[in-house]
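Visitor: sequence below, structure please.
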Amino acid sequence: MKNSIKVVITTLITFMITGLGLQAQNTKAASGIYLTEQDYKANKLSYVLTGNDKMRLNAFLNGKNVTLIYQDKKIILPKSDIFGFRINNQDFRFFNNTSYKILDTAGFMLYSYQTSVQQGKGNKPVEQYAYSTTTTEPVLSLTIENLWKSFPAKESFRFSLKNYFSNGADLAAYDGQSHQYKIKYFYFQHTQQVTARVE
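Guide: From the prediction side, this is the model:
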């Protein structure tokens, strides 16, 4: 009887330690580098940052490299050779040395990025929006004209863009009630219509 209680206690302790180890791994994976598109899709980070590790994006003047201080070593990675990075559990993609925050991946990729606009005596950061049809395609500004060209086979989606986003200003509007970007709603409305016609 005593031996079976010892086995149960030992098993419970082992599970607790394993659980804590997994929790620590998940916490550690909050920031790091996605070397490839496949790594991003598999949620596999390289150079996972912990402790005194640091990542410098060198975003000023579209710097070409990411600088890591990783396990007390300096590592320089060309942005053109890596897919992107995660910082504080938020994913980003590099394109033409600019980092794009990944907002939504359903149907097509939706991004935001920061630019500076001259205002008064100084510059003010402004959030802009962009998209790509896949994770490998170029990143384009989120405009009706660009979307029209990118989705030639999705007629009802393209026409809904002109009907509901006449000035293009609200293309990145988010609907808090349905928890989705409005543009994605119209994109999937088209997909459902096509599927219904095929069936």
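Visitor: in its sheet, which strands sit next to the host helix or strand of residue 93, and in what direction?
Guide: Taking DSSP states H and E as the definition, residue 93 sits inside strand 90-95. Neighbouring strands of strand 90-95 in its sheet, by DSSP bridges, are strand 84-87 (antiparallel), strand 98-104 (antiparallel).
Visitor: low-confidence stretches in this structure?
Guide: Residues of the chain that meet the criterion pLDDT under 70 lie in 1-29, 61, 167-169, 192-199.
Visitor: which ones are touching residue 136?
Guide: For residue 136, the contacting residues are residue 37, by Cβ atoms under 8 Å, 6 or more residues apart in numbering. C-beta: built from backbone N, CA, C; applies to glycine.
Visitor: give me the nearest residue to residue 147, chain neighbours excluded.
Guide: residue 161 (5.8 Å; Cβ to Cβ, 6 or more residues apart in numbering).
Visitor: you'd agree that neighbour is in a strand?
Guide: No - using DSSP: H, G, I helix; E, B strand; the rest coil, the secondary structure at residue 161 is helix, not a strand.
Visitor: before we move on, back to that, quick check: which of the strands paired with strand 90-95 is buried the most?
Guide: The highest mean neighbour count among these, using mean count of other Cβ atoms under 10 Å, belongs to strand 84-87: a mean of 22.
Visitor: show me what that strand is in contact with.
Guide: 29-34, 40, 45, 55, 57, 66, 91-94, 99-100, 102.
Visitor: distance check, residue 165 against residue 47.
Guide: 40 Å (Cβ to Cβ, to the nearest Å).
Visitor: revised request: answer the last question for residue 115.
Guide: From residue 115 across to residue 47, the span is 28 Å (Cβ to Cβ).
Visitor: next one: residue 35
Guide: The gap separating residue 35 from residue 47 is 9 Å, by Cβ to Cβ.
Visitor: then residue 143?
Guide: For residue 143, the distance to residue 47 equals 35 Å [Cβ to Cβ].
Visitor: again, but for residue 66
Guide: 9 Å.
Visitor: returning to that earlier point: in ChimeraX, select just the buried ones from the contacts of strand 84-87.
Guide: A single ChimeraX command is used to select the members of these judged buried by 16 or more other Cβ atoms under 10 Å:
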select :29,31,32,33,34,40,45,55,57,66,91,92,93,94,99,100,102
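Visitor: quick one, helices of this protein?
Guide: Along the chain, counting by DSSP state H, helices occupy 2-28, 37-41, 144-150, 155-164, 182-198.
Visitor: what's opposite the residue minimising distance to the centre of the chain in the beta bridge?
Guide: Residue closest to the average C-alpha location in the chain (Cα atoms, centre = their mean): residue 102, at 2.7 Å. Counting by DSSP bridges, residue 102 forms beta bridges with residue 111.
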